[in-house]
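J.: With the input below, show me the fold.
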Amino acid sequence: MNHTRLRRICAALCALCLVLALGACSPLETVTGWFTSKKWADDKPYKNVKLDKHVKLGEYKGIEAEFYTDEEYLAFYMDNIFMQYGATKGIADDPAKTAVAEGDLVFFDYEGSGPDIPEEAKEGMKGKALLVVGSDQFILEFKNAEGVVEKRGFEEQMVGQPRDKEFTVDVRFPDPYANNPDLSAKDAVFKCTVHKIGSASEEITDEGVDCLTNGEFATVAEFEALLMEDVPQQAADYNMNLASDAAFANAEFLELPAKEQEYWDTRLAESAEGQGMGPEDFAQASGYQSAAAYRDEQLKHELFFYAVAEKEGITVTEEDLQALLAEIRAGGEYSDKDDELYSQVGGKGILLRHLMRNKVSEFIYANAKGVPGA
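T.: A predicted model of the protein is given here:
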């Protein structure tokens, strides 16, 4: 796993967390995603909406929240990565355990080979792993057509093996073997050494990082150094969402404008279609009880942002828009002509809405209390 790919994966996980949890500032990829309706190619969003008829602002200046320092956010970020992958954080070694027993968490290395194993497949047959013995994550016992066991399972053969001493495990891959059809029904011998025996660690350890990154990083410190390159900006973005979310919670919403509900119904339908889903399924997958709840929540956020903008005189300038267009062009194959690019992303209005949400969020965060480093 190379550094660039890993950083992209981690950034994507973080962005997903922000969108699903807070819904305040939408990342650029959601702006230029699936919404293509020309009906909503407006260049003055909310121009005919009397905002005070639909929203009553509460306190939005001097907001207090539990903002993250860079170090706190790094810990949160790493926890989130392990959670998203369902990976074990590490192992708490128990020196009293001198041999593997079923149910133990073990940290071991392995390398497999076999006379009929293709050379290109051998690379995927070595590495390090954290494994609960008896969880049936590794190769299971092989039974012939009559149901007779011809080879015991990988984990079954680990039981009773001592720590820090090499042993072999003789297995046969399943038939068929979905992970790599070339290995189906092939015999293999794995040389293994168990280094630690114990239980799952509550803290991220070197072993957890090593297994998560397939050996790309051997220690927590190395992994933290990579992630820390992006943490200051990501922490600021996350904190900005926290401030906006707290300010949003102080607002009171009245009757929602029907025209804007129709707009968000359209956006939801097209986004859902882009994911091969219906609006209800898409909304529920995004953490909402229904499509209507999703629609109204998005609309309320926009009403809130535009109401603050109106009160504070916050506007989106042509310079802001051109900077966003340049960012979009840098990230994909888009037209050099502005009008054509607007058409490609679903209209100028969708970009203006995105910029307004971000500018108001920046204003709220800049005026919040207890901002780290302020």
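
J.: For the rest of this, base every contact and every neighbour count on C-alpha atoms.
T.: Noted.

J.: Would you mind giving the secondary structure of E310?
T.: For E310, the secondary-structure state derived from DSSP: H, G, I helix; E, B strand; the rest coil is helix.

J.: What pLDDT does the model give it?
T.: The score at E310 is 96. That number is its pLDDT.

J.: what about it, how many neighbours?
T.: By other C-alpha atoms under 10 Å, 13 other residues sit near E310.

J.: which ones are touching it?
T.: The neighbourhood of E310, defined by C-alpha atoms under 8 Å, 6 or more residues apart in numbering, contains no residues.

J.: For it, give its distance to G62.
T.: For E310, the distance to G62 under the criterion C-alpha to C-alpha, to the nearest Å works out to 18 Å.

J.: Got the phi and psi for the residue of the chain most remote from its centre?
T.: Distance from the centre of the chain peaks at E146, with 45.2 Å (C-alpha atoms, centre = their mean). The phi/psi pair for E146 (degrees, to the nearest 10) reads phi -90, psi 0.

J.: pLDDT wise, what is it at?
T.: pLDDT, E146: 89.

J.: State the distance from it to A185.
T.: Look at E146 and A185: by C-alpha to C-alpha, they are 15 Å apart.

J.: got it, and P174?
T.: With the distance defined as C-alpha to C-alpha, P174 ends up 5 Å from A185.

J.: And the two? Which one has more around it.
T.: For P174 and A185, the more surrounded residue by other C-alpha under 10 Å is P174, and the numbers stand at 18 against 15.

J.: Surely the more buried one touches F142?
T.: Yes - with contact defined as C-alpha atoms under 8 Å, P174 counts as touching F142 (6.5 Å).

J.: just the strands in the protein please.
T.: For the chain, strands defined by DSSP state E occupy the ranges 55-56, 91-93, 105-113, 126-132, 142-143, 149-151, 167-172, 187-200, 252-253.

J.: any chance of those strands in TSV, with mean neighbour count and distance to E229 too?
T.: Listed next are the strands of the chain as TSV, based on neighbours: other C-alpha atoms under 10 Å; distance: least, C-alpha to C-alpha, whole Å:
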stretch	mean neighbour count	distance to E229
strand 55-56	17	40
strand 91-93	20	27
strand 105-113	21	29
strand 126-132	20	27
strand 142-143	17	47
strand 149-151	14	48
strand 167-172	19	41
strand 187-200	20	29
strand 252-253	14	39
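
J.: out of those, nearest to L352?
T.: Ranking the strands of the chain by proximity to L352 (C-alpha to C-alpha) places strand 55-56 first, at 20.2 Å.

J.: What lies in contact with the closest one?
T.: Counting by C-alpha under 8 Å, 6+ apart, the neighbours of strand 55-56 from elsewhere in the structure are A251, E252, F253, L254, L303, F304, A307.

J.: Next up, the contacts around the first one.
T.: It refers to A251. Remark: with contacts taken as C-alpha under 8 Å, 6+ apart, A251 is in contact with V55, K56, L57, G58, E59, F304.

J.: What values do phi and psi take at it?
T.: In terms of degrees, to the nearest 10, the main-chain angles of A251 are phi -90, psi 150.

J.: Adjust the sequence numbering to begin at 58 for everything that follows.
T.: Sounds good: first residue 58 from here, last item A308.

J.: Once you drop chain neighbours, what's closest to I254?
T.: Spatial nearest neighbour of I254, excluding adjacent residues (C-alpha to C-alpha, 6 or more residues apart in numbering): V163 at 4.6 Å.

J.: which pair in the contacts of strand 112-113 spans the largest distance?
T.: Taking C-alpha to C-alpha as the measure, those span a maximum distance of 13.0 Å, between L311 and A364.

J.: Comparing the two, which residue is more hemmed in?
T.: With neighbours defined as other C-alpha under 10 Å, L311 and A364 compare such that A364 has more, 22 against 12.

J.: Report the contact partners of D109.
T.: When the contact criterion is C-alpha under 8 Å, 6+ apart, the partners of D109 are A364.

J.: How about F133?
T.: Listed by C-alpha under 8 Å, 6+ apart, the contact set of F133 is empty.

J.: just for the protein, where's the confidence low?
T.: Judged against pLDDT under 70, the low-scoring parts of the chain cover residues 58-98, 431.

J.: at 50 instead, please
T.: Judged against pLDDT under 50, the low-scoring parts of the chain cover residues 58-60, 62, 66, 69-81.

J.: For it, which segments count as helices?
T.: Ranges of helices in the chain, per DSSP state H, are 60-78, 85-88, 127-142, 176-179, 211-215, 263-269, 277-285, 288-306, 315-331, 336-342, 348-369, 375-387, 395-402, 405-423.

J.: Could you export those helices as a markdown table, including distance to E159?
T.: Shown next, in a markdown table, are the helices of the chain (distance: least, C-alpha to C-alpha, whole Å):
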| stretch | distance to E159 |
| --- | --- |
| helix 60-78 | 33 |
| helix 85-88 | 46 |
| helix 127-142 | 24 |
| helix 176-179 | 28 |
| helix 211-215 | 8 |
| helix 263-269 | 20 |
| helix 277-285 | 28 |
| helix 288-306 | 40 |
| helix 315-331 | 45 |
| helix 336-342 | 37 |
| helix 348-369 | 46 |
| helix 375-387 | 53 |
| helix 395-402 | 55 |
| helix 405-423 | 52 |
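
J.: Out of those helices, the one nearest D193 is which?
T.: Of all these, helix 211-215 sits nearest to D193, with 7.0 Å by C-alpha to C-alpha.

J.: Now do that closest one: which elements does it pack against?
T.: Using 3 or more C-alpha pairs under 8 Å, 6 or more residues apart in numbering; DSSP states H and E, the elements in contact with helix 211-215 are strand 224-229.

J.: So what's the gap between the strand it packs on and the chain middle?
T.: Centre-to-centre, strand 224-229 and its host chain are 36 Å apart (C-alpha atoms, centre = their mean, to the nearest Å).
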